[in-house]
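Colleague: dropping a prediction and its sequence here:
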Amino acid sequence: MKYLCFIFLFLASSAASSQADCIELFCNDDTFVNQHIQNVNAEIDIFGSGAGFCNSGAIQQCFFQGQPVYTVLESPFICDLPTRVVDCNGNSLFTFGGFCFPAPCPGQDQADMLEGCITLYSTFETGNVFCTAEQLACTESLCTAFDQLTTDLLDPNLNPSLYDCVPSQTLSQCEYRGLSVIVQSPGLCLVADEPSTVYDCTGDFLFSFGGFCITQDGSPCPGDIEAQFISNCEVFFDVQDGEPLICDDTISAIPTMGEWGMICLTLLFLCVSLINLKQNSSFLNISDTKSILSNR
């Protein structure tokens, strides 16, 4: 039982190390990153990993003076190479490190200004996954009413086109007084000065704001006052696009490293408990046997 638990924990840990969140690339085009990875892998295929690496062949993503850049170690089989810093298009900015005489090497002062560096790939870290455009664009739905509201907006009977005017309402996920809410914004084909509507996560109406309204004393409409507490809005559905940008289960279901740590810790406690129960059971059986023999 003890060894079985340890084997199970080892397999769970292996799975945890292989399931990592994707890394967002701050440069718009990942061509340079992929080309560097292909070059390093091609060299390893030619020379073999048994030849030994002089450096990690790493490419990192950093910020230099507020702009995203890459730091690159070219061939993993050439020793004492300087690290090259390039912009998003692969244009060299400066180099630092490596072998130079006399020290310090040029570029070190600039290298000290690099911030937030994340390793994207190296000969020791080959399993990193880069976020796709779909993963970055999707929104994690927090409210169950999204499905019904989107269905209603896509229904031509409930949201008809008028005189060749295509409806253009949007649904946004927002925060309101510590709660998640849905804000439906008006679009074309509606009455002039139509207000925005706020629903809770179950689809119940909370209030409306904007649009046309008149108060007796000329003060702001009640909904406009409450609208000031709406924040962190993110559009997740546009009628003209037709499909909500909701993260699918394959993206959101991947546990984070912290979640995997809690899973492994729970399994460890379970194994320890089972081992203790097993040992206590054996001890009780031995005690019972000794008691029976002494009575005889």
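Modeller: Ah, there it is.
Colleague: shaky segments in the stretch 101-250 of the chain?
Modeller: Applying pLDDT under 70 to the stretch 101-250 of the chain flags the ranges 134-140, 188-192, 243-250.
Colleague: note down every partner strand of the helix or strand hosting residue 60 and its orientation.
Modeller: Assigned by DSSP states H and E, residue 60 falls within strand 59-64. As defined by DSSP bridges, the strand partners of strand 59-64 come to strand 67-72 (antiparallel), strand 114-121 (antiparallel).
Colleague: would you pull up how far that strand lies from the middle of the chain?
Modeller: 19 Å (Cα atoms, centre = their mean, to the nearest Å).
Colleague: I'd like the average pLDDT over that strand.
Modeller: Regarding strand 59-64, the rounded mean pLDDT is 93.
Colleague: tabulate the CA atom coordinates of that strand in CSV.
Modeller: Taking C-alpha atoms only, strand 59-64 is exported to CSV below (Å, rounded to 0.1, in the frame of the first residue of the first chain):
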residue,chain,number,x,y,z
ILE,A,59,15.0,32.5,-25.5
GLN,A,60,13.4,34.8,-22.9
GLN,A,61,10.6,37.4,-23.1
CYS,A,62,11.5,40.6,-21.2
PHE,A,63,10.7,44.3,-21.1
PHE,A,64,13.4,46.9,-22.0
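Colleague: now it: buried residues?
Modeller: 59, 60, 61, 62, 64 (16 or more other Cβ atoms under 10 Å). Yep, even glycine has a C-beta here, placed from its N, CA and C like the rest.
Colleague: okay if I get those as TSV plus distance to residue 222?
Modeller: Below are these laid out as TSV (distance: Cβ to Cβ, whole Å):
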residue	distance to residue 222
59	55
60	53
61	48
62	50
64	50
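Colleague: ok, of the residues you listed, which one's closest to residue 144?
Modeller: For these, the minimum distance to residue 144 (Cβ to Cβ) is 37.0 Å, reached by residue 61.
Colleague: deepest-packed of the strands paired with strand 59-64, please.
Modeller: strand 67-72 (a mean of 20; mean count of other Cβ atoms under 10 Å).
Colleague: could you list every helix and strand in contact with the helix or strand following that strand?
Modeller: For strand 67-72, the following helix or strand on the C-terminal side (DSSP H and E) is strand 83-86. Applying 3 or more Cβ pairs under 8 Å, 6 or more residues apart in numbering; DSSP states H and E, one finds that strand 83-86 makes contact with strand 67-72, strand 92-96, helix 108-111.
Colleague: show me the domain layout of the chain.
Modeller: Following automatic domain parsing, one finds the domains of the chain at 22-135, 139-246.
Colleague: could you redo those as CSV and give each row distance to residue 276?
Modeller: CSV is the format used below for those (distance: least, Cβ to Cβ, whole Å):
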stretch, distance to residue 276
domain 22-135, 36
domain 139-246, 40
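Colleague: residue 265: which of those domains is closest?
Modeller: Nearest to residue 265, of those and by Cβ to Cβ, is domain 22-135 at 22.6 Å.
Colleague: contacts for stretch 62-74, please.
Modeller: For stretch 62-74, the external contacting residues (Cβ atoms under 8 Å, 6 or more residues apart in numbering) are 26-27, 32-33, 36, 39, 55-61, 81, 83-88, 90, 93, 110, 113-118, 120.
Colleague: ends of that stretch, what's the gap?
Modeller: 17 Å (Cα to Cα, to the nearest Å).
Colleague: please renumber the chain so that the first residue is 535 from this point on.
Modeller: Will do, 535 is the new start, and the previous item becomes stretch 596-608.
Colleague: and it, how far out from the chain's middle?
Modeller: 21 Å.
Colleague: repeat that for stretch 703-723.
Modeller: 23 Å.
Colleague: quick one: which of the domains of the chain is nearest residue 797?
Modeller: domain 556-669 (18.9 Å).
Colleague: show me the contacts for residue 578.
Modeller: 610, 657.
Colleague: now it, what are its backbone angles?
Modeller: phi -60, psi -40 (degrees, to the nearest 10).
Colleague: and the gap between it and residue 592?
Modeller: 14 Å (Cβ to Cβ, to the nearest Å).
Colleague: determine the residues that are contacts of both of the two.
Modeller: Common neighbours of residue 578 and residue 592 (Cβ under 8 Å, 6+ apart) are residue 657.
Colleague: what segments of the protein are helices?
Modeller: Secondary structure of the chain, counting by DSSP state H: helices at 536-552, 565-581, 642-645, 667-671, 680-688, 756-760, 783-786, 791-829.
Colleague: for the third one, what is the distance to the chain centroid?
Modeller: So that's helix 642-645. On Cα atoms, centre = their mean, the centre of helix 642-645 falls 31 Å from that of its chain.
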